[in-house]
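Colleague: sequence plus the predicted model coming up.
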Amino acid sequence: MMTHERTTSPARGDRMRGWRIVHLVLLSWVAVIGGAQVALGGWIVALGGTYMYVTCGALLLIAAWFGWQHAGRREWLALLAAGLVALIWSFAEIAGKGWPPSWIFDLAGRVGLVLVLLFATFAASVSTQYPSGGRPRRAVGGVAVLGVVAIGAYVAIAWERPVAAAVGAERSITQAAATNEASLGADAWRAYAGSNLGQRFSSADHITPANVSRLQEAWRHRTGDLPPNERVFFSSQNTPLKVGDNLYLCSSSAQVFALDPATGEQRWHFDPKTPARAMESLFSVACRAVGYHGAPGAAACSERIFVATADGRLIGLDARSGTPCPDFGREGVVDLTEGMGLRDPGFASNTSGPAVVGDMLIVGQQVSDNQRRDAPSGVVRAYDARSGALAWAWDAHRPDSRAPLGPDEIYPRGTPNVWTVISADETLGLVFLGTGNSGADHWGGDRTEAEDRYTAAIVAVDLATGATRWSFATVDHDLWDYDIGAQPTVLDIPIDGQTRRAVLLGTKTGSLFLFDAATGEPLRPIERRSAPRGNTLTGERLSPTQPQSTFYPNFAGRPGAEPERLDARHVFGLTPIDAAWCRIQFHRMTYDGIYTPPTTDGLGMLLFPGTIGGLNWGGIGVDQGRLIAITNHSRLPNHVEMIPRAQVTDRAVGDGGARPDQDIAPQAGTPYGTQRPIWFSPLNMPCIAPPWGYVAATDLQSGELLWSQPIGTGFDSGPLGIPTRLRIPMGTANVGGPLVTASGLTFIAAAQDNYLRAFQTESGRLLWSARLPAGGQATPMTYVHQGRQYVAIAATGHQRLETTPGDYLVVYALPDTSP
């Protein structure tokens, strides 16, 4: 009797061995990830967190075991169970957060790698058992094709593309408001925010929602100003001025340029030769604005441009030639270091530019954060724009701003400074200051009552005398670096049927406060909310309550009625491993909301919103006619650890130390140093899920949030600093402000991708975008010259934000149709 034996061909055997090797490699990765999840998940459980990492990890280990045992169906069931558990858990947590924008990135980070690995392992397992094909192999191939098609379809649909403007009824424009702003002139941009009112608004209306899609680059200028060495971090953050027939801008090291507004041709250039050593103390070397004073005339220096340098010089230049004005200060220079008692060059300097108010130059300054309690004074000084003579000096500890310093006397050390852009209203004779902190951000046990009164505050001072008219502290005894970064904005607004002159203030804590400009009376409700107590640091005290504006949306995180509060569901990672690492850190840090006290317990505290906000120096754009406020803010927490003095070996600036060399910010003169990096995973990605940045519009009359959306894509950034080249809106950290025009457009760059965008102010529709040659961490401006409207932005990048560095001013306009 004949018997028939089943034989395997050599080719078929080779295929089976090849697929088995692939299968075993994939199973090894399944086991590694599963084991890591079990180990890290066990730690999370011990810290009181979720069991899901342990559960998913155990299922992966079981699947790997069955795979090694050739147990096909049991392996497949275990793989399926692991995938389903991960998906169900992910959807449950994301839904529990209210399906935030960009949730798809959160989902992809939670399960993307795992699902791809599980599917690849399943496919390899099937191929070992069906090497010649068959229905199972065809089913696997079909699922793979469907997955690729689905991902491709999502990318195609979600890809950021400008759309046509919506056609419909527009918000009515109040005539009084429109007239007020139109008087500024569409052809001019005379201060950092257009005017000293700080509105970032222009009455220019040649570029409209209907034609903005035709906007194209008109010209670009390169300053040639790049960092002198790796210890200096550049980010010019400059907004040019347009006065008469000239465009004036400054670069990071305070070089000044006068350009032809139509062509970009350079008319003159002034280089103050700022020493590199003086720039090392700065977190980021900026020159946000120059100041302009004067009126056209035949005499030299009848028009002047003012610039401040990192080494403490206030320089007055002839606006027509760029040469120093000999009758200003000493041969064109006022020494801002006088009376400061500086121990190190650049320790205190002006980076936001002088505010020119009438015939006065108002100059604040920044002080390198967290170096020492007895840092240079936070004094704000006013100088005569013609002579450079000191008119007054305001400081938290100076009751008489006009009192001269005595022989060898210096301004009080360590007082709250004003590093952001200063606003003013000449009709009221007031200057509006947004203050920072005393010399140490995160410990204030020895702060005086006057320091607390003027910390993180808005202060209205008399233009003529420097006397305080009114003030309001937006944070009581600030221990979180919630200083005022956003420039105060002056506007007219109807309140109870009466038009009131008001000041709108945005804060890092996400609040929008509205005050009567003349008296400081709150025009919208402010509530006192209970604040966390916790364990206090040595010698420290805490405020039991904190103020919160409740009429407008809060922008501390996701825009809403209340400040966003994080929990473990917000933790993010690109893989289960770094996500678990971040979750362990979350459970080991102290976090009790926006005012969690600094601590030495565990891994310190989670600071959210972080040190860049909330709302920061880019400020608020106000469409005064439509009464809409445009804001942009970041959503990134910091990991703050307080280091006992005995463990701090880093030397402070002034004691021979230098900021680029420090691992710990010394806070010399206090019981603690501090470390406060942005909370990143080992893959250099934020440890909370996106969006990490928003742009939004608020109705200033009703308080309604009109729209909000993530701003920025991962096109120029990504894990480990590798750009993803995906232009899908996910929301990135953003530095820079909006420009609002009377035609209903909002222009903004700011995000970590190199794009300038134009949105419809009322709807939030993206109508136009343009690729920039470097990061656009600056506020754009616009002007009309010879009948043509231009939009300009400094594209110089931000080294600390890790955007593309450059030295560009890029200017856009509609196509020129003139003969």
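Modeller: All right, it came through fine.
Colleague: what about residue 542, how many residues nearby?
Modeller: 19 (other Cβ atoms under 10 Å). In short, each C-beta sits where N, CA and C put it, glycine included.
Colleague: which residues in the stretch 351-500 of the chain form helices?
Modeller: 449-453 (DSSP state H, counting those that start in this stretch).
Colleague: and the end-to-end length of stretch 518-535?
Modeller: By Cα to Cα, to the nearest Å, the extent of stretch 518-535 from end to end equals 40 Å.
Colleague: in that stretch, what counts as buried?
Modeller: 518, 523, 524, 526, 531, 532, 534 (16 or more other Cβ atoms under 10 Å).
Colleague: pretty sure the last one contacts residue 596?
Modeller: Yes: here residue 534 reaches residue 596: they are 7.0 Å apart, a contact under Cβ atoms under 8 Å.
Colleague: among the buried residues of stretch 518-535, which one lies nearest to residue 36?
Modeller: Nearest to residue 36 among those, counting by Cβ to Cβ, is residue 534 at 32.9 Å.
Colleague: so that closest one versus residue 73, what's the distance?
Modeller: Using Cβ to Cβ, to the nearest Å, residue 534 is found at 54 Å from residue 73.
Colleague: do the same with residue 526
Modeller: Here the criterion is Cβ to Cβ. By it, residue 526 lies 65 Å from residue 73.
Colleague: these two touch, right, residue 236 and residue 286?
Modeller: Yes: when contacts are counted by Cβ under 8 Å, residue 236 is listed as touching residue 286 (6.1 Å).
Colleague: for the closest residue to residue 644 other than its chain neighbours, give me its contacts.
Modeller: In this structure, residue 644 finds its nearest non-sequential neighbour in residue 672, 6.2 Å apart by Cβ to Cβ, 6 or more residues apart in numbering. Neighbour list for residue 672: 442, 443, 537, 538, 598, 600, 642, 643, 644, 645, 648 [criterion: Cβ atoms under 8 Å, 6 or more residues apart in numbering].
Colleague: least confident of the buried residues of stretch 518-535?
Modeller: Between the buried residues of stretch 518-535, the one the model trusts least by pLDDT is residue 534, at 79.
Colleague: do you know how far it is from residue 445?
Modeller: Taken as Cβ to Cβ, the span from residue 534 to residue 445 is 15 Å.
Colleague: which element is residue 124 on?
Modeller: helix 103-129 (DSSP states H and E).
Colleague: tell me where the model's unsure across the stretch 1-150 of the chain.
Modeller: For the stretch 1-150 of the chain, the stretches with pLDDT under 70 are 1-16, 131-134, 136-137.
Colleague: can you rerun that using 50?
Modeller: 1-6 (pLDDT under 50).
Colleague: ok, the stretch 251-400 of the chain next?
Modeller: For the stretch 251-400 of the chain (pLDDT under 50), the answer is none.
Colleague: one more: the stretch 701-819 of the chain?
Modeller: Low-confidence segments of the stretch 701-819 of the chain, defined by pLDDT under 50: none present.
Colleague: which stretches of it form strands?
Modeller: For the stretch 701-819 of the chain, strands defined by DSSP state E, counting those that start in this stretch occupy the ranges 705-710, 739-741, 745-748, 755-760, 766-771, 781-785, 788-795, 808-813.
Colleague: closest to residue 362 out of these?
Modeller: strand 781-785 (20.5 Å).
Colleague: what packs against that closest one?
Modeller: The contact analysis (3 or more Cβ pairs under 8 Å, 6 or more residues apart in numbering; DSSP states H and E) places strand 781-785 against strand 201-202, strand 241-243, strand 739-741, strand 788-795.
Colleague: want to throw those into JSON lines with distance to residue 556?
Modeller: Shown next, in JSON lines, are the helices and strands packed on strand 781-785 (distance: least, Cβ to Cβ, whole Å):
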{"stretch": "strand 201-202", "distance to residue 556": "25"}
{"stretch": "strand 241-243", "distance to residue 556": "33"}
{"stretch": "strand 739-741", "distance to residue 556": "23"}
{"stretch": "strand 788-795", "distance to residue 556": "27"}
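Colleague: let me know the next secondary structure element after the longest helix along the chain.
Modeller: When the chain is parsed with DSSP state H, its longest helix is helix 10-46. Per DSSP H and E, the first helix or strand lying C-terminal to helix 10-46 is helix 52-68.
Colleague: bridge partners for residue 201, pull those for me.
Modeller: residue 740 (DSSP bridges).
Colleague: gap between it and residue 515?
Modeller: For residue 201, the distance to residue 515 - Cβ to Cβ - is 19 Å.
Colleague: neighbour count: the two, which is higher?
Modeller: More crowded of residue 201 and residue 515, by other Cβ under 10 Å: residue 201, with 27 against 23.
Colleague: per-domain residue ranges of this protein.
Modeller: As given by automatic domain parsing, the domain ranges for the chain are 10-158, 175-564+608-813.
Colleague: which of these sits closest to residue 582?
Modeller: So among these, domain 175-564+608-813 is nearest, using Cβ to Cβ, at 3.7 Å.
Colleague: for that closest one, what is the distance to the chain centroid?
Modeller: 11 Å (Cα atoms, centre = their mean, to the nearest Å).
Colleague: cool, and stretch 28-43?
Modeller: 36 Å.
Colleague: check what contacts that stretch and list those residues.
Modeller: Contacts of stretch 28-43 (Cβ under 8 Å, 6+ apart): 50-61, 63-64, 67, 79, 114, 117-118, 121, 575-577, 580-581, 584.
Colleague: okay, residue 183: pLDDT?
Modeller: 44.
Colleague: give the residues shared as contacts by residue 236 and residue 286.
Modeller: By Cβ under 8 Å, 6+ apart, the residues touching both residue 236 and residue 286 are residue 252.
Colleague: may I have whichever strand or helix holds residue 514 exported as PDB, CA atoms only?
Modeller: Element membership for residue 514, per DSSP H and E: strand 512-516. C-alpha atoms of strand 512-516 as PDB (Å, rounded to 0.1, in the frame of the first residue of the first chain):
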ATOM      1  CA  LEU A 512      -8.100  89.400  31.800                       C
ATOM      2  CA  PHE A 513      -8.600  92.300  34.200                       C
ATOM      3  CA  LEU A 514     -10.400  95.500  33.200                       C
ATOM      4  CA  PHE A 515      -9.900  98.700  35.200                       C
ATOM      5  CA  ASP A 516     -11.000 102.300  34.900                       C
END
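Colleague: just to revisit the earlier point, which of the contacts of residue 672 are buried?
Modeller: Looks like the contacts of residue 672 have 442, 443, 537, 598, 600, 642, 643, 648 buried, using 16+ other Cβ under 10 Å.
Colleague: export those as JSON lines, with columns for pLDDT, distance to residue 279 and secondary structure.
Modeller: Conversion of those to JSON lines gives the following (pLDDT from 0 to 100; distance: Cβ to Cβ, whole Å; DSSP: H, G, I helix; E, B strand; the rest coil):
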{"residue": "442", "pLDDT": "96", "distance to residue 279": "25", "secondary structure": "coil"}
{"residue": "443", "pLDDT": "96", "distance to residue 279": "27", "secondary structure": "coil"}
{"residue": "537", "pLDDT": "93", "distance to residue 279": "32", "secondary structure": "coil"}
{"residue": "598", "pLDDT": "96", "distance to residue 279": "29", "secondary structure": "coil"}
{"residue": "600", "pLDDT": "95", "distance to residue 279": "33", "secondary structure": "coil"}
{"residue": "642", "pLDDT": "97", "distance to residue 279": "29", "secondary structure": "strand"}
{"residue": "643", "pLDDT": "97", "distance to residue 279": "27", "secondary structure": "strand"}
{"residue": "648", "pLDDT": "97", "distance to residue 279": "25", "secondary structure": "coil"}
